[in-house]
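In: make a model of this:
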Amino acid sequence: MNPRFLEGAAWGFPGEPVEHIETHAAHVFLVSAWAFKVKKEIVLPYLDFSTSERRRAMLADELAINRRFAPQIYEKVIEVEGEPALVMHRFDNRLLLSALVGGGRVGDGLARGLAEAAARSHDSAERSDASGSAILKGLGAQLGEAFLASPEIFPAAAARAFAASHGATLERLTPTLDLRSAAGLVPRCHGDMHCGNIVLLGGVPTLFDAIEFSEKIATIDVLYDLAYLLMDLVHHGEARAANIVLGHYLGLRRSAEDLSGLALLPLFLATRVGVRALVAADRAHELVPEEAQPRRAEALSYFRAAERFLAPPRPMLICIGGLSGTGKSTLAASLAPLLGTPPGALHIRSDVERKILAGVA
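Out: Numbering: from 1, shown residues only. Below is the predicted model of the structure:
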């Protein structure tokens, strides 16, 4: 990294303090009201930032892709000290969803706003002819191999059982995945819709930092895209919010394919949290043993969550009746996140369904 980037003068603000944030593939420099992103000169199995030309092209792609989600953040690409940099409007990090989650702090209104942001992104997504089952098959194979390669973190017997369960579930659901592909439900999505990539701008949940380095990674089933947010909310103790996000999203989309696609959700959630387990394990491998233990524990925790998501839940239907105004909907909404595997049961309201059937909702 160019040490000049830590000086305000490099960015046109002499004397201004510069805050530096490092990610796995980039450096971000915060100065005044702006954020400047510079790609690292690295090559990984899934990205190549080895030359200035490639980094410039990737930043241009990042600008174009993310303007669809957050045009108020993404400004332009410039050259600084001979290095391409993406210029963004700075926001208050306290407004990141990742700073707001935990212990049920995400209210129902915010949860509905998250669902609306996800639905908007999918309604406007560019369609593709990608195969949803092929994507999951590749991810499942990678997870199984990686878990087995780290027996010091993931118990070998449990890793083999997970790989077998993931494979069997995928085989059973492949026809559903392929039908969704044919219906155009595997478009070019955000691809990285977790709590750290959503910010409240003017009180509205806004997606940013979409996957730009791989069309393959970002071209996924819309429910798999949504599953990252659901999994992350559940992980942060926001099961009720995750339940509301899912229910409101389905209500907004009003897609028969999405309703039938709910059978895929446990597989999607298990895959998403499995990837999180691998990321934590990779970070543990980079640390000395005494510093690696927290990361190992985190990786194992994610792995156990992946196991739970794949465990087949007992089918359940609870009907709640009573006079108007007696709290039927309130009771159902409270029960829904607690039933089965997170994010829980789908809360269906008869009054809303009647309005939809009558064409007045």
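In: now Pro84. Its backbone dihedrals?
Out: Reported as degrees, to the nearest 10, the phi and psi values for Pro84 are phi -70, psi 140.
In: now for it: which residues touch it?
Out: Neighbouring residues of Pro84 by CB atoms under 8 Å, 6 or more residues apart in numbering: 38-39, 52, 55-56, 59, 77-78. No exception for glycine: its C-beta is placed from N, CA and C like everyone else's.
In: weed out the non-buried ones from those residues.
Out: 38-39, 55-56, 59, 77 (16 or more other CB atoms under 10 Å).
In: ok, so of those, who is nearest Ser301?
Out: Checking the buried ones among the contacts of Pro84 against Ser301 by CB to CB gives Lys39 as the nearest, at 31.1 Å.
In: quickly list what that closest one is bridged to.
Out: Ala26 (DSSP bridges).
In: if I look at it, what pLDDT would I see?
Out: At Lys39, the model reports a pLDDT of 96.
In: distance of it from Pro342?
Out: Taking CB to CB, to the nearest Å as the measure, Lys39 falls 36 Å from Pro342.
In: how far does stretch 122-141 stretch from one end to the other?
Out: Counting by CA to CA, to the nearest Å, the length from the leading to the trailing residue of stretch 122-141 is 27 Å.
In: what about it, distance to the chain center?
Out: Stretch 122-141 sits 15 Å away from the centroid of its parent chain (CA atoms, centre = their mean, to the nearest Å).
In: any buried residues in that stretch, and which?
Out: Of the residues in stretch 122-141, those buried by neighbour count under the rule 16+ other CB under 10 Å are 122, 125, 128, 130-133, 135-137, 139-140.
In: low-confidence regions, the stretch 101-250 of the chain specifically.
Out: Segments of the stretch 101-250 of the chain classed as low confidence (criterion: pLDDT under 70) are not present in this model.
In: for it, which segments are assigned as helices?
Out: Chain-ordered helices for the stretch 101-250 of the chain, with DSSP state H, counting those that start in this stretch as the definition, fall at 108-123, 132-148, 156-182, 215-218, 222-235, 239-253.
In: just put the buried residues of stretch 122-141 in a markdown table and tack on distance to Met316.
Out: Shown next, in a markdown table, are the buried residues of stretch 122-141 (distance: CB to CB, whole Å):
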| residue | distance to Met316 |
| --- | --- |
| His122 | 28 |
| Ala125 | 33 |
| Ser128 | 35 |
| Ala130 | 34 |
| Ser131 | 32 |
| Gly132 | 27 |
| Ser133 | 28 |
| Ile135 | 30 |
| Leu136 | 26 |
| Lys137 | 30 |
| Leu139 | 29 |
| Gly140 | 27 |
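In: and which of those residues is nearest to Val204?
Out: Using CB to CB as the measure, the one of these that approaches Val204 most closely is His122, at 16.9 Å.
In: so which strand or helix has the nearest residue to Ala227 once chain neighbours are set aside?
Out: The spatially closest residue to Ala227, leaving aside those adjacent along the chain, is Phe268, at 3.8 Å (CB to CB, 6 or more residues apart in numbering). Secondary-structure assignment from DSSP states H and E places Phe268 in helix 265-285.
In: using CSV, write out every CA atom in that helix.
Out: Once non-C-alpha atoms are left out, helix 265-285 reads as follows in CSV (Å, rounded to 0.1, in the frame of the first residue of the first chain):
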residue,chain,number,x,y,z
LEU,A,265,-34.5,-22.4,2.1
PRO,A,266,-32.9,-24.8,4.5
LEU,A,267,-30.4,-25.8,1.8
PHE,A,268,-29.7,-22.2,1.0
LEU,A,269,-29.3,-21.2,4.6
ALA,A,270,-27.0,-24.2,5.3
THR,A,271,-24.8,-23.3,2.4
ARG,A,272,-24.6,-19.6,3.3
VAL,A,273,-23.7,-20.3,6.9
GLY,A,274,-21.3,-23.1,5.7
VAL,A,275,-19.4,-20.5,3.6
ARG,A,276,-19.2,-18.3,6.7
ALA,A,277,-17.7,-21.2,8.6
LEU,A,278,-15.0,-21.6,5.9
VAL,A,279,-14.2,-17.9,6.0
ALA,A,280,-13.7,-18.0,9.8
ALA,A,281,-11.6,-21.2,9.4
ASP,A,282,-9.4,-19.5,6.8
ARG,A,283,-8.8,-16.6,9.1
ALA,A,284,-7.9,-18.9,11.9
HIS,A,285,-5.3,-20.6,9.7
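In: next secondary structure after that helix?
Out: helix 289-310.
In: as a whole number, average confidence for that following helix?
Out: Helix 289-310 shows a mean pLDDT of 93 in the predicted model.
In: quick check: angle from it to helix 265-285?
Out: Comparing the axes of helix 289-310 and helix 265-285 via axes from the mean of the first three to the mean of the last three CA atoms, to 10 degrees yields an angle of 170 degrees.
In: using PDB, list the CA coordinates for helix 289-310.
Out: The C-alpha atoms that make up helix 289-310 are tabulated as PDB, following Å, rounded to 0.1, in the frame of the first residue of the first chain:
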ATOM      1  CA  PRO A 289      -2.300 -20.800  17.600                       C
ATOM      2  CA  GLU A 290      -3.000 -18.700  20.700                       C
ATOM      3  CA  GLU A 291      -4.700 -16.000  18.500                       C
ATOM      4  CA  ALA A 292      -6.600 -18.500  16.300                       C
ATOM      5  CA  GLN A 293      -8.800 -20.100  19.000                       C
ATOM      6  CA  PRO A 294     -11.600 -17.500  18.800                       C
ATOM      7  CA  ARG A 295     -11.800 -17.800  15.100                       C
ATOM      8  CA  ARG A 296     -11.800 -21.600  15.300                       C
ATOM      9  CA  ALA A 297     -14.700 -21.400  17.800                       C
ATOM     10  CA  GLU A 298     -16.500 -19.000  15.500                       C
ATOM     11  CA  ALA A 299     -16.000 -21.400  12.500                       C
ATOM     12  CA  LEU A 300     -17.300 -24.400  14.500                       C
ATOM     13  CA  SER A 301     -20.300 -22.400  15.700                       C
ATOM     14  CA  TYR A 302     -21.200 -21.500  12.100                       C
ATOM     15  CA  PHE A 303     -20.700 -25.200  11.100                       C
ATOM     16  CA  ARG A 304     -23.100 -26.300  13.800                       C
ATOM     17  CA  ALA A 305     -25.600 -23.800  12.600                       C
ATOM     18  CA  ALA A 306     -25.200 -25.300   9.100                       C
ATOM     19  CA  GLU A 307     -25.900 -28.800  10.500                       C
ATOM     20  CA  ARG A 308     -29.100 -27.500  12.200                       C
ATOM     21  CA  PHE A 309     -30.400 -25.800   9.000                       C
ATOM     22  CA  LEU A 310     -30.100 -29.100   7.100                       C
END
